[in-house]
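Asks: any chance you can model this:
(chains A and B)
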Amino acid sequence: MPDALTNEWTELVEQWNAVDESTIHFDALRARIEAERRRMLRDVAVDTIVSVVFAAVAGYALIRFPSAWTRLFAIDVAAILVAVWTFSVWNWRGTWRPLGETTESFLRLARLRCRRKIQAVRFGVEVTVAQLVAVTAWRIWGPQHAPFAPTEMLALLPAVVVVTFAVWLAVSRRRAAQELAELDRLHAQLSVEPNE
Amino acid sequence: MPHDQQFERVAHAYRGALQRLAAAYEPDPHEQEDLVQDILFALWRALPSFRGECSERTFVYRVAHNRALTHRRHLPRRGEELTRADAVADPRADPAERAEAVQRREYLLDAVRRLPRAYRQVVTLRLEDLSNAEIADVLGVNENTVAIRLTRARKALAELMHEEWSNA
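Replies: Take a look at the predicted model:
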């Protein structure tokens, strides 16, 4: 004899399935999948191109204007590139997991990703500060005659880059912190069950 | 089986379940369509990593619930048509019976949306006819927890549906 609880669920299941299934049109989804593929390729390409450009500029300076200062500049660029790529790989360790995890694991992973994003912002700040110190030292004790004529634009460029980067870091940190707070709330909602 | 073929097979097989799940999380039809698209997109990304460590059904529901929980409201993208879920009329049902069935389902959906998330998860999975063991496998909790949540959720659902009927 079926128990009362099973009967209750049976009736609800019938109500739940009462409306016929609708058709799904895949065209918009295929377009989104293609857009995502292009976005992933673009992100990897941008990171790689920026790294190559920096390395190329340092290499050009080293060859075109050989001196102790350009060697120092090239070492600085190389150190940043190695530090940034190493940190990227290290920071995202253990977060490349499929979406098919249990809800419990998925939320844990999502929160870990947010904390790693905040960590990445902190690293970005540290690298920026280190570079500011290096550039300041360069301006004070560096070569008195630059290999090319200094212009106002070139003098302003570092300031513009630093300010833009600082704003981007601040916005990224705020977004990651907000997302982490939401995920923490969600985790709390799904976890607290007295007398389980 | 090539990935795209597998994905289309899974999407067709579970489209009803995904639409019902989306309706349990989003009241607005536009947001429901957006969520269904999000879930299908997540499935497309996740399927290559499926190695049979659980049943396909469990895997699909895991992905679907994970996306539904963290769904962000999106505005429709300009120039891009969202997937349209056009209701297909059942030619067999009497119109009056069909209208009543639709209304009862709306009351049930409204009540499910008002449940706390922990209860909403177990209820939507139970309504898709998953066993307690399967629900536990999707959520990553033990069966005892599922049973307790279902009992409490059923009671909360009954109260909410009674409220819906009274306010109608």
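Asks: just the C-alphas of stretch A:86-105, formatted as CSV.
Replies: Provided in CSV are the C-alpha atoms of stretch A:86-105 (Å, rounded to 0.1, in the frame of the first residue of the first chain):
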residue,chain,number,x,y,z
THR,A,86,54.1,32.2,-12.6
PHE,A,87,51.7,33.8,-10.3
SER,A,88,48.8,33.3,-12.8
VAL,A,89,49.5,29.6,-13.0
TRP,A,90,50.0,29.2,-9.3
ASN,A,91,47.0,31.3,-8.3
TRP,A,92,44.5,29.4,-10.4
ARG,A,93,45.7,25.9,-9.3
GLY,A,94,42.9,23.6,-8.3
THR,A,95,40.2,25.9,-9.7
TRP,A,96,40.0,24.4,-13.2
ARG,A,97,37.3,22.0,-12.4
PRO,A,98,34.3,21.0,-14.4
LEU,A,99,30.8,22.4,-13.8
GLY,A,100,29.4,19.0,-13.0
GLU,A,101,30.4,19.0,-9.4
THR,A,102,28.0,18.5,-6.6
THR,A,103,26.4,21.7,-5.3
GLU,A,104,28.5,21.6,-2.2
SER,A,105,31.8,21.3,-4.2
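Asks: that one - what's its average pLDDT?
Replies: When pLDDT is averaged along stretch A:86-105, the result is 79.
Asks: grab the nearest non-local neighbour of the closest residue to chain B within chain A.
Replies: Closest residue of chain A to chain B, C-beta to the nearest C-beta: residue A:102 (2.7 Å). Any C-beta I mention is one placed from the backbone N, CA and C, and that applies to glycine too. Leaving aside its sequence neighbours, residue A:102 sits nearest to residue B:140 (C-beta to C-beta, 6 or more residues apart in numbering or on different chains; 2.7 Å).
Asks: give me the number of residues near the one you found?
Replies: When neighbours are defined as other C-beta atoms under 10 Å in any protein chain shown, residue B:140 has 16 of them.
Asks: that one against residue A:107, yeah?
Replies: No - the pair residue B:140 and residue A:107 does not pass the contact test of C-beta atoms under 8 Å, sitting 9.1 Å apart.
Asks: ok, back up a step: doesn't residue B:137 make contact with the residue of chain A closest to chain B?
Replies: Yes - using C-beta under 8 Å, residue A:102 makes contact with residue B:137 at a distance of 7.3 Å.
Asks: against residue B:124, how distant is residue A:93?
Replies: In this view, residue A:93 and residue B:124 are 34 Å apart by C-beta to C-beta, to the nearest Å.
Asks: who has more neighbours out of these two?
Replies: Applying other C-beta under 10 Å to residue A:93 and residue B:124 shows that residue B:124 carries more neighbours, namely 25 against 8.
Asks: list the buried residues for whichever strand or helix holds the more buried one?
Replies: If you go by DSSP states H and E, residue B:124 is part of helix B:117-127. Within helix B:117-127, the residues scored as buried using 16 or more other C-beta atoms under 10 Å in any protein chain shown are B:118-127.
Asks: and for stretch B:153-165?
Replies: B:153-154, B:156-157, B:160-161, B:164.
Asks: avg pLDDT for that stretch?
Replies: In this model, stretch B:153-165 carries a mean pLDDT of 85.
Asks: and what of stretch A:116-131?
Replies: 90.
Asks: again with stretch A:9-20
Replies: 81.
Asks: now that stretch, how far from the chain's geometric center?
Replies: Computed by C-alpha atoms, centre = their mean, to the nearest Å, the chain-centroid distance of stretch A:9-20 equals 43 Å.
Asks: got the buried residues for that stretch?
Replies: For stretch A:9-20, by 16+ other C-beta under 10 Å, it's A:9, A:12, A:15-19.
Asks: before we move on, the earlier item: nearest to chain A, out of the buried residues of stretch B:153-165: which one, please.
Replies: residue B:154 (6.6 Å).
Asks: point me to the helix or strand that includes that closest one.
Replies: Per DSSP H and E: helix B:143-167 holds residue B:154.
Asks: what packs against that helix?
Replies: Here helix B:143-167 touches helix A:4-16, helix B:95-113, helix B:117-127, helix B:132-139, going by 3 or more C-beta pairs under 8 Å, 6 or more residues apart in numbering or on different chains; DSSP states H and E.
Asks: hey, least reliable of these by pLDDT?
Replies: helix A:4-16 (a mean of 77).
Asks: that'll do, ta.
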